[in-house]
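> coordinates only, sequence not included:
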């Protein structure tokens, strides 16, 4: 049984459509398994009081990639933070870069995976506005020296001052001890009287009275002798 030209052409057309379909399916599957920049993500985190930058690779093809992190300043690379290799998975594999980042800093993350990926993660990574270092607690204020001193407790006994002994009556009335005798000559009685009386004494008056008494006595004696002579 011979195959007509028309039947052969139809078979060839069907075979071509099947081949094209298979090629399209294989191409789609291959593209799905290929490494892509969209499978990479970056984040700035805190590890205690230190900052870190993490990059996660969710490439199901597990293509090995090299990840490089740069600190940006005014659109230019200021420094290279570090470089690591990663082989991703469908669930994701994360690598960590130790970087004590500052708030609102910008980092550029570049990915190189064979001949499939050679570009940056877009957009660039911007760190949070708050740093990782915790603020130290403010120490309690010390009490001011002008603060009033605490009042003594009511239960504490008050200090009593011991009264000083007062001299007894007998001690106060006792005459002072006589002074020790001195070898110096004592002043004459007249001089002592003169020293005691001073300029305001009645020495002249006493002398006048004494003279009058002497005169009166002399006259009495004279008249007495005269009367006795007359009797004899």
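Received it, and whenever you're ready, just let me know what you need. Since we're looking at a predicted model, the values are computed, not measured.
> contacts and neighbour counts: CA atoms only from here.
Noted.
> below-threshold pLDDT in this structure: ranges please.
1-13, 15-33, 134-202, 232 (pLDDT under 70).
> now the strands for it?
Using DSSP state E, the strands of the chain run over 40-47, 50-57, 64-73, 76-87, 93-98, 106-113, 117-120, 125-126.
> where do the helices sit along the protein?
In the chain, helices defined by DSSP state H lie at 5-33, 169-173, 189-197, 203-231, listed in chain order.
> so which of the strands of the chain gets nearest residue 211?
In terms of C-alpha to C-alpha, the element of those nearest to residue 211 is strand 50-57, at 130.2 Å.
> give me every residue that touches residue 55.
Residues in contact with residue 55 (C-alpha atoms under 8 Å, 6 or more residues apart in numbering) are 40-43, 94-96.
> returning to what we had before: now the strands of the chain as a markdown table including distance to residue 224?
Formatted as a markdown table, the strands of the chain follow (distance: least, C-alpha to C-alpha, whole Å):
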| stretch | distance to residue 224 |
| --- | --- |
| strand 40-47 | 150 |
| strand 50-57 | 147 |
| strand 64-73 | 156 |
| strand 76-87 | 157 |
| strand 93-98 | 154 |
| strand 106-113 | 157 |
| strand 117-120 | 170 |
| strand 125-126 | 157 |
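> among these, which is nearest residue 205?
strand 50-57 (121.7 Å).
> next, the angle from that closest one to strand 93-98.
150 degrees (axes from the mean of the first three to the mean of the last three C-alpha atoms, to 10 degrees).
> which among the contacts of residue 55 end up buried?
Among the contacts of residue 55, those classed as buried by 16 or more other C-alpha atoms under 10 Å are 40-42, 94-96.
> tell me, how many residues neighbour residue 113?
19 (other C-alpha atoms under 10 Å).
> am I right that it is in contact with residue 65?
Yes: using C-alpha atoms under 8 Å, residue 113 is in contact with residue 65, at 4.2 Å.
> buried sites along stretch 46-65?
For stretch 46-65, by 16+ other C-alpha under 10 Å, it's 46, 51-65.
> that older thread, of all the strands of the chain, which one is nearest residue 14?
strand 117-120 (37.5 Å).
> residue 98 - nearest residue in space that isn't next to it in sequence?
residue 52 (4.6 Å; C-alpha to C-alpha, 6 or more residues apart in numbering).
> tell me the spacing between that neighbour and residue 83.
14 Å (C-alpha to C-alpha, to the nearest Å).
> now do the contacts for the residue nearest to residue 98.
Neighbours of residue 52 in contact, by C-alpha under 8 Å, 6+ apart: 44-46, 96-101.
> hmm, 7 Å instead?
By C-alpha atoms under 7 Å, 6 or more residues apart in numbering, the contact set of residue 52 is 44-46, 96-100.
> farthest-apart pair in these, please.
Among the contacts of residue 52, 96 and 100 lie farthest apart (C-alpha to C-alpha), at 12.3 Å.
> residues in contact with the residue nearest to residue 91 when sequence neighbours are not counted?
Closest residue to residue 91 apart from its sequence neighbours, by C-alpha to C-alpha, 6+ apart: residue 58 at 6.2 Å. Residue 58 makes contact with 39-40, 88-93 under the criterion C-alpha under 7 Å, 6+ apart.
> for PyMOL, write the select line for the buried members of those residues.
Selection of buried members from the contacts of residue 58 for PyMOL, criterion 16+ other C-alpha under 10 Å:
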select buried, resi 39+40+88+89+92+93
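> need the contacts of residue 58 in CSV (columns: distance to residue 221).
Formatted as CSV, those follow (distance: C-alpha to C-alpha, whole Å):
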residue, distance to residue 221
39, 169
40, 166
88, 169
89, 170
90, 171
91, 168
92, 166
93, 164
